[in-house]
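K.L.:
Dropping the sequence and predicted coords here.
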Amino acid sequence: MTGFDAVGVAYAAHSGGARGRLRHDLVAARLLAELPERPSRILDVGCGDGEMTLRLAAAGHDVTAVDPSTRMLAAATARLAQRPELADRVRLLKAGLDSLPFHGDVFDAVCCHGVLMYLDGPGAAVARLSGLVGPSGLLSVLAKNRRAIGVREALRGDSGTARSLIESGTDTSVGNLDLPTRGDTAEALDRLAAESGLTPLPWQGVRVFHDHLDDDWAPDPEGYEAALRLEWTASWKSPYRDVAHLVHTLARRPEGTRR
């Protein structure tokens with residue numbers, strides 16, 4: 001995740017725009033549907049500016065949120081200060097995937113959204129995250145879709161770059177924050193979760209039809225809701241989900257089993 005601390009402002013701007021909100025709304029809708037109605041203990045790894053952390057806390061869950069970036073944690077702290085009613089449900093810690101301070105502890109759900117794309121590979125990360133999922137618990141991973149590399153560039157009219165990416169078969173391209181990011185397939189992530197004793201659930205594609213738009217896209221409320229409904233419908237179905245920019249995979253530890 002080298003260099004991510006320096007792009008916190010750009011991330012916040014993207015996250016707060018309509019295209020960023022599509023991602024958060026789609027992921028949150030699925031995640032909250034899979035969580036129990038009772039308050040759950042959730043770990044949010046790579047919490048960024050706290051967008052998903054605050055959504056989960058607002059839904060009644062207790063969230064431990066970690067991020068290696070001082071700037072991102074400061075942004076999350078500032079946002080939490082504006083929601084004092086959530087203060088008792090959120091704990092913010094500075095830590096990365098390789099320095100998580102949880103030894104022998106498990107959670108009802110572990111989220112890792114938008115992190116794997118900055119790592120050299122997903123194997124060690126998924127194994128580490130899976131080990132923190134308790135019985136009947138959930139692992140939620142949002143990653144860049146390897147199969148869609150070149151699609152955004154093509155739809156934006158950059159045919160030369162798109163062709164080069166597609167011909168090379170690369171798993172890496174420049175992401176939304178102008179950093180090289182690596183893609184994974186949903187099948188590979190499901191396989192890694194299964195190897196760690198979890199049962200994969202149906203996966204979704206995130207941002208099928210609106211990923212190529214820039215952050216100036218500002219639909220009116222009716223237009224945004226129509227876009228959200230379209231994206232949700234397509235997110236479950238191939239071939240549409242196969243070319244989404246992101247894949248959202250979930251896996252559950254079977255009831256009664258241990259790590």
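P.N.:
Sure, I can see it.
K.L.:
Span of stretch 29-47 from start to end?
P.N.:
17 Å (C-alpha to C-alpha, to the nearest Å).
K.L.:
which parts of it are buried?
P.N.:
Going by neighbour count (16 or more other C-beta atoms under 10 Å), the buried part of stretch 29-47 is Arg30, Leu31, Leu35, Ser40, Arg41, Ile42, Leu43, Asp44, Val45, Gly46, Cys47. Any C-beta I mention is one placed from the backbone N, CA and C, and that applies to glycine too.
K.L.:
So what's the gap between that stretch and the chain middle?
P.N.:
Put simply, stretch 29-47 sits 12 Å off its chain's centre (C-alpha atoms, centre = their mean, to the nearest Å).
K.L.:
ok, which stretches of the protein are helices?
P.N.:
Taking DSSP state H, the helices of the chain run over residues 8-16, 18-34, 51-58, 70-81, 123-130, 151-155, 159-168, 186-195, 221-235.
K.L.:
and the fourth one, how far from the chain's centre?
P.N.:
In other words, helix 70-81. 18 Å.
K.L.:
CA-only coordinates of that helix, as CSV, when you get a sec.
P.N.:
C-alpha atoms of helix 70-81 as CSV (Å, rounded to 0.1, in the frame of the first residue of the first chain):
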residue,chain,number,x,y,z
THR,A,70,-2.3,8.2,9.8
ARG,A,71,-4.1,10.5,7.4
MET,A,72,-6.9,8.1,6.8
LEU,A,73,-7.4,7.5,10.5
ALA,A,74,-7.5,11.2,11.1
ALA,A,75,-10.2,11.5,8.5
ALA,A,76,-12.2,8.7,10.1
THR,A,77,-11.8,10.2,13.5
ALA,A,78,-13.1,13.6,12.2
ARG,A,79,-16.1,11.9,10.6
LEU,A,80,-16.8,9.9,13.8
ALA,A,81,-16.7,13.1,15.8
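K.L.:
returning to what we had before: mind putting the buried residues of stretch 29-47 into TSV with pLDDT?
P.N.:
TSV is the format used below for the buried residues of stretch 29-47 (pLDDT from 0 to 100):
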residue	pLDDT
Arg30	98
Leu31	97
Leu35	97
Ser40	98
Arg41	98
Ile42	98
Leu43	98
Asp44	98
Val45	98
Gly46	95
Cys47	96
